[in-house]
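> got a sequence here, can you build the structure:
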Amino acid sequence: MIRISEIRLELDDDEALLLQKAAKLLRINAKYITQLSVFKKSVDARKKDDIHFSYTVDCTVSLDERQIAAKCRSGKVSLAQPYRYEMPANRRVSKFRPVVVGFGPAGMLAGLILAEAGLRPLILERGKEISERQRDVERFWKTRELNEESNVQFGEGGAGTFSDGKLTTGIKSPFIRKVLEELYEAGAPEEILYSSKPHIGTDRLAVVVKNIRKKIERLGGEVLLEARLEKLIVYNKFVQGVTYTRRGESFDIEADSVIMAIGHSARDTVEMMYRLGVEMMQKPFSVGARIEHPQSLINRAQYGKFAGHPKLGAADYKLACHGLHERGAYTFCMCPGGTVVAAASEKEGVIVNGMSSLARDGKNANSALLVGIEPKDFPSEHPLAGIYYQKEIEHRAFLLGGGDYRAPAQLVGDFLKGIKSEKPGEVEPTCPTGVTFTDISECLPQKVTDTMRSAITQMDKKLNGFALYDAVLTAPETRSSSSVRILRDDLLQCSIRGVYPCGEGAGYAGGIVSAAVDGIKCAHAVLGDEH
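Below is the predicted model:
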């Protein structure tokens, strides 16, 4: 197979032109190309007056491919091999089924790999089935009555289910392709296989999550929803089993391999592991707010005269700057045409996140604007001090918002001036539980707000309109990542043997794809454990 990169198409060009352009670059007649597929597609918007698409394609040729590639003498042409996932050898001899705790991206992929290997994993998820979970979330957004076991953080699919379904990642791993292929097979749009910025969308994620569960069950795995892990049964620093409760009943099961894919919000589970003596350490995390602009403003800033072109859709952005704080500030999980999400999972705590549908057709764009928090900023040296710091910020936000899960909000212009906001401007906030206009500095650390003010001014120079006076800041965003790392060794086990800390909650991932990849790695570690 031959891979050709940097093939240019204009916005109004038909993709059928790719065949002709590929043949020209290969210096052969197009009839010799027996198959052509898009490997990567991206928008090149570096020059606002020359926005176009850039493609990488894979070609199968009915001639000597090695000879053709050599003759091209172009950095754009190379030989490539199609990706094929290879299941490692199963060296496991245990009579017990492996247990996976959590059914977010890490738990889903760990469970799927173990099921494909024939190990019939048992997966425990504290929250509800996706349809019931959606009803609980919508009830919370409408009535502000929180279900602590079924919400934006807990339930089938994990926290990623109520997000943009963004699949971009900074990690390098051959398992990324396996993750994308499984998501596509489960109902995600085909574009995730080749888009440079793949996303699924909140509306499509529910279908994908359910289909992955059904596949695991067809392969012999068992997914127990509303099954909350209460404790690990440990003897002589080896796991012997787990205790979980489900619908009012308590169950003990024997297990010698437990993957802990618990997510970043299962704080009670982390505390249980700490009490058992599991080694863990403080980890940097980030704090900030969601910033909302009119999507039309972002489109114009990014695409200029091409804004609104049907093939471009809603524009996004990714910004970062350094200044007042050593880790600086950055935007994260930008949701074009999306909404701010009320994402509380604990009583008397307010947090926000963002999400978009597949169409990304909402009137506002939103993104997290975050500032790094170092362990030295934590209130103590306790390994869980970061968790307690997060909870303190979330509780202050709850009180500042009015004590009923409305989120504190402030106009960007007022925030920059350091004055309290009284009412919205032209940008209507989208947080579904409602907002209370106030001064968000009263719930965020001063180090964070000082850095955010500097960042907004700097980012406005990179993206015209970022400092729009009527743009809305909704606070706080505290759970972009875990504030603790559960230590694990080269076998991916923690200080309790047979327990595999996994994914975002354990401090080894930072998004849907990286969490799913870590789930695959932990499943492989279980397969290689000869006991």
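> select the longest strand from this structure.
Longest strand in the chain, counting residues (DSSP state E): strand 33-44.
> can you show me the helices along this structure?
17-26, 65-72, 105-116, 130-143, 175-185, 202-218, 267-275, 295-303, 385-400, 412-417, 446-462, 512-527 (DSSP state H).
> can you tell me which of the ones you listed is nearest to residue 437?
Proximity to residue 437, assessed across these by Cβ to Cβ, is greatest for helix 412-417 (8.6 Å). Where you see a C-beta, it was placed from the backbone N, CA and C, and this is true even at glycine.
> can you list contacts of the closest one?
Here helix 412-417 makes contact (Cβ atoms under 8 Å, 6 or more residues apart in numbering) with 291, 420-421, 425, 439-441, 449, 452-453, 456-457, 467-473.
> just the buried ones among the residues you listed, please.
291, 421, 439-441, 449, 452-453, 456, 467-468, 470-473 (16 or more other Cβ atoms under 10 Å).
> of those residues, closest to residue 169?
residue 291 (22.5 Å).
> what sits closest to that closest one if chain neighbours are left out?
residue 369 (4.8 Å; Cβ to Cβ, 6 or more residues apart in numbering).
> I'd say the one you found and residue 292 touch.
No - with contact defined as Cβ atoms under 8 Å, residue 369 does not reach residue 292; the gap is 10.4 Å.
> need the residues touching each of these two.
residue 473.
> worst-scoring helix or strand of the chain, pLDDT-wise?
Least confident helix or strand of the chain, by mean pLDDT, DSSP states H and E, is helix 65-72 with a mean of 89.
> thinking again about what came up before, ok, of the helices of the chain, where does mean pLDDT dip lowest?
Least confidently modelled of the helices of the chain is helix 65-72, at a mean of 89 by mean pLDDT.
> in it, which residues are buried?
Going by 16+ other Cβ under 10 Å, helix 65-72 has these buried residues: 65, 68, 69, 72.
> if I look at the second one, how far off is residue 18?
This means residue 68. Remark: distance between residue 68 and residue 18 (Cβ to Cβ, to the nearest Å) = 17 Å.
> can you check the first one too?
Summarising the geometry, the distance separating residue 65 from residue 18, computed by Cβ to Cβ, is 18 Å.
> and the longest strand of the chain, how far out from the chain's middle?
26 Å (Cα atoms, centre = their mean, to the nearest Å).
> show me what counts as buried in that strand.
Buried, per 16+ other Cβ under 10 Å, within strand 33-44: 33, 36, 38, 39, 41, 43.
> wait, isn't the third one in contact with residue 18?
Yes - Residue 38 is within contact range of residue 18, at 7.4 Å (criterion: Cβ under 8 Å).
> give me the common contacts of the two.
In contact with both residue 38 and residue 18: 55, 57, using Cβ under 8 Å, 6+ apart.
> and residue 254, how many neighbours does it have?
14 (other Cβ atoms under 10 Å).
> to clarify, my last question referred to residue 174.
By other Cβ under 10 Å, neighbour count at residue 174 equals 12.
> can you pull the contacts of residue 51?
Contacts of residue 51 (Cβ under 8 Å, 6+ apart): 11, 43, 44, 45, 303, 304, 306, 312.
> now render the residues you listed as JSON lines, adding distance to residue 100.
Formatted as JSON lines, the contacts of residue 51 follow (distance: Cβ to Cβ, whole Å):
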{"residue": "11", "distance to residue 100": "45"}
{"residue": "43", "distance to residue 100": "38"}
{"residue": "44", "distance to residue 100": "41"}
{"residue": "45", "distance to residue 100": "41"}
{"residue": "303", "distance to residue 100": "43"}
{"residue": "304", "distance to residue 100": "48"}
{"residue": "306", "distance to residue 100": "46"}
{"residue": "312", "distance to residue 100": "40"}
